[in-house]
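Engineer: Sequence and predicted structure, then a few things I'm wondering about:
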Amino acid sequence: MDLPTKLTALGQVFHLYDQFAATLDVACKIDCADCCTANVTLTTLEGYRIIDHLISSGNLGIIQKIRAAPPRNRFHPQITTNRLAALCAEGRTPPDEGHAAWGPCPLLTSSQCPLYMVRPFGCRCFVSRRDCGEIGFAEMDDFVLTVNTVFLQTIEHMDARGCSGNFADILQVMASGANRRAYAHDTLNCSANRLIPNHPLKILIIPPQHRAKIAPILQALRRIKVPGGSSA
């Protein structure tokens with residue numbers, strides 16, 4: 001699957017998730033940014049989409065804002081969702097993800113996100129039934145968590161030749177024209193850029209009690225069509 005095809009499929013996956021999210025009873029609203037932290041992770045495919053948008057809108061100054069943000073111990077993932085699923089299926093213990101500071105997203109301006117229309121799935125799927133600012137955490141239904149995990153696995157699978165990492169790291173890497181060209185040719189070096197390699201989807205993380213309920217969503221994901229007639 002070439003890059004334009006993957007970007008088209010990613011947009012369709014996001015649209016499908018937005019349809020699902022629209023059915024949820026959540027406390028999230030405009031100007032609600034208590035859950036917007038510096039620890040969001042994403043794939044290089046999502047990062048490429050964001051940078052492509054910033055270039056076309058002449059708004060690459062956002063990258064300078066990330067670079068100028070005060071240094072902090074932000075989250076650097078050690079393992080991707082699909083790799084975690086594979087390890088669990090094999091009965092192996094995943095690596096310790098360590099601890100990180102939970103500072104606010106450096107891009108927020110008066111609780112507004114300048115990337116909202118092209119925000120990554122890690123931001124898109126973070127919902128809560130109660131106000132996070134009031135209770136101090138997100139309250140999420142178990143089924144929603146399962147759906148979110150399946151979408152995370154699907155997006156990683158679409159970008160199986162790419163990388164994952166903290167959003168600040170991914171965006172700075174993808175802001176480089178040379179890195180974007182390397183990514184488009186499947187030659188971007190993940191470890192050299194403090195990123196981790198993605199993995200193809202081998203097993204879905206779906207609890208037995210959610211299998212019947214999630215079946216229509218899985219069918220919809222399989223029906224996603226991209227240029228050339230293939231499925232996501």
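Structural biologist: Received the coordinates, thanks.
Engineer: Name the nearest residue to Asp159, sequence neighbours excluded.
Structural biologist: Once its chain neighbours are removed from consideration, Asp159 has its nearest residue in Leu45; the separation is 3.8 Å (Cβ to Cβ, 6 or more residues apart in numbering). C-beta here means a position set from N, CA and C on the backbone, and glycine is covered the same way.
Engineer: ok, that neighbour - how many residues close by?
Structural biologist: Other residues near Leu45 number 26, with proximity taken as other Cβ atoms under 10 Å.
Engineer: Can you tell me the SS state at it?
Structural biologist: Classification of Leu45 into helix, strand or coil gives helix, according to DSSP: H, G, I helix; E, B strand; the rest coil.
Engineer: now it: how far from Cys125?
Structural biologist: For Leu45, the distance to Cys125 equals 16 Å [Cβ to Cβ, to the nearest Å].
Engineer: for Ala22, same thing?
Structural biologist: As defined by Cβ to Cβ, Ala22 lies at a distance of 13 Å from Cys125.
Engineer: what do you get for Ile79?
Structural biologist: When distances are taken as Cβ to Cβ, Ile79 and Cys125 turn out to be 18 Å apart.
Engineer: Between these two, which is the more surrounded one?
Structural biologist: Of the pair Ile79 and Cys125, Cys125 is the one with more neighbours under other Cβ under 10 Å, namely 19 against 16.
Engineer: Hmm, Tyr17 and that one touching each other?
Structural biologist: Yes - with contact defined as Cβ atoms under 8 Å, Cys125 counts as touching Tyr17 (6.7 Å).
Engineer: if I look at those two, which residues touch both of them?
Structural biologist: Common neighbours of Cys125 and Tyr17, counting by Cβ atoms under 8 Å, 6 or more residues apart in numbering, are Phe151.
Engineer: Give me the buried stretch members for the longest helix seen in the chain, please.
Structural biologist: Taking DSSP state H as the criterion, the chain has its longest helix at helix 3-21. Residues of helix 3-21 classed as buried: 3, 6-10, 12-14, 16-17, 20-21 (neighbour count, 16 or more other Cβ atoms under 10 Å).
Engineer: Check stretch 24-41 too.
Structural biologist: Neighbour-count burial for stretch 24-41, with 16+ other Cβ under 10 Å as criterion, is recorded at Val26, Ala27, Cys28, Ala33, Asp34, Cys35, Cys36, Thr37, Ala38, Asn39, Val40, Thr41.
Engineer: for stretch 43-54, same thing?
Structural biologist: Within stretch 43-54, the residues that count as buried by 16+ other Cβ under 10 Å are Thr43, Thr44, Leu45, Glu46, Gly47, Tyr48, Arg49, Ile50, Ile51, Leu54.
Engineer: Out of those, flag the one nearest to Glu90.
Structural biologist: When those are compared for distance to Glu90, the smallest value, 23.0 Å, is given by Thr43; criterion: Cβ to Cβ.
Engineer: give me the beta-bridge partners of that closest one?
Structural biologist: For Thr43, the residues forming beta bridges with it (DSSP bridges) are Ser164.
Engineer: Do a quick rundown of the helices in the protein.
Structural biologist: With DSSP H as the criterion, the chain has helices at 3-21, 44-56, 61-68, 81-89, 121-124, 132-135, 142-158, 167-174, 177-184, 211-223.
Engineer: name the helices or strands packed onto the fourth one?
Structural biologist: Spelled out, that is helix 81-89. Contacts of helix 81-89 with other secondary structure elements, assessed using 3 or more Cβ pairs under 8 Å, 6 or more residues apart in numbering; DSSP states H and E, are made with helix 142-158.
Engineer: Please work out the average pLDDT along the helix it packs on.
Structural biologist: For helix 142-158, the mean per-residue pLDDT is 96.
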